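> no sequence on hand, only this structure:
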């Protein structure tokens with residue numbers, strides 16, 4: 001059974017930075033393509049970023065490109081999301097997800113394992 005646990009959320013002022021972490025347990029980590037999604041109150045869940053099993057390929061939503069960086073440390077079974085230049089529009093619950101099949105994906109339904117989420121609040 002795969003478990004994902006996120007951490008690193010919190011309250012930050014606009015222009016600030018946060019780094020989210022997500023630890024996967026239960027299966028070999030390098031086999032999973034990983035993604036970050038977010039959901040703001042009253043809005044649908046949206047794709048943020050994804051990374052391949054080796055970490056060599058990444059993808060970003062247009063709204064975060066150039067500000068957020070996804071990375072992974074397979075030795076630590078951990079995927080990270082470094083978020084810089086945060087704005088109030090980035091306020092949301094952030095979820096990491098694991099995808100069992102090959103290929104980067106922006107579609108939440110292709111991920112079958114999810115963390116519990118970590119809250120990010122950006123004040124203006």
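Perfect, I can see it now. Because the structure is predicted, anything quoted here is derived from the model rather than measured.
> for residue 76, give me phi and psi.
phi -110, psi 10 (degrees, to the nearest 10).
> repeat for residue 109
phi -70, psi -10.
> over to residue 108?
Dihedral angles (degrees, to the nearest 10) for residue 108: phi -60, psi -30.
> and the gap between it and residue 48?
11 Å (C-beta to C-beta, to the nearest Å). All C-beta spots, glycine's among them, are computed from the backbone N, C-alpha and C.
> okay, and the residue nearest the centre of the chain sits in which element?
With distances taken as C-alpha atoms, centre = their mean, the residue of the chain nearest its centroid is residue 36 (2.4 Å). Assessed by DSSP states H and E, residue 36 sits inside strand 33-39.
> buried stuff in that strand?
33, 34, 35, 36, 37, 38 (16 or more other C-beta atoms under 10 Å).
> one more: stretch 2-14?
4, 6, 8, 9, 12.
> with secondary structure as added columns, please give these in JSON lines.
Shown next, in JSON lines, are the buried residues of stretch 2-14 (DSSP: H, G, I helix; E, B strand; the rest coil):
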{"residue": "4", "secondary structure": "strand"}
{"residue": "6", "secondary structure": "strand"}
{"residue": "8", "secondary structure": "coil"}
{"residue": "9", "secondary structure": "coil"}
{"residue": "12", "secondary structure": "strand"}
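> columns distance to residue 80 and pLDDT on top of those, output as JSON lines?
Converted to JSON lines, those look like this (distance: C-beta to C-beta, whole Å; pLDDT from 0 to 100):
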{"residue": "4", "distance to residue 80": "13", "pLDDT": "96"}
{"residue": "6", "distance to residue 80": "10", "pLDDT": "97"}
{"residue": "8", "distance to residue 80": "8", "pLDDT": "98"}
{"residue": "9", "distance to residue 80": "13", "pLDDT": "97"}
{"residue": "12", "distance to residue 80": "16", "pLDDT": "98"}
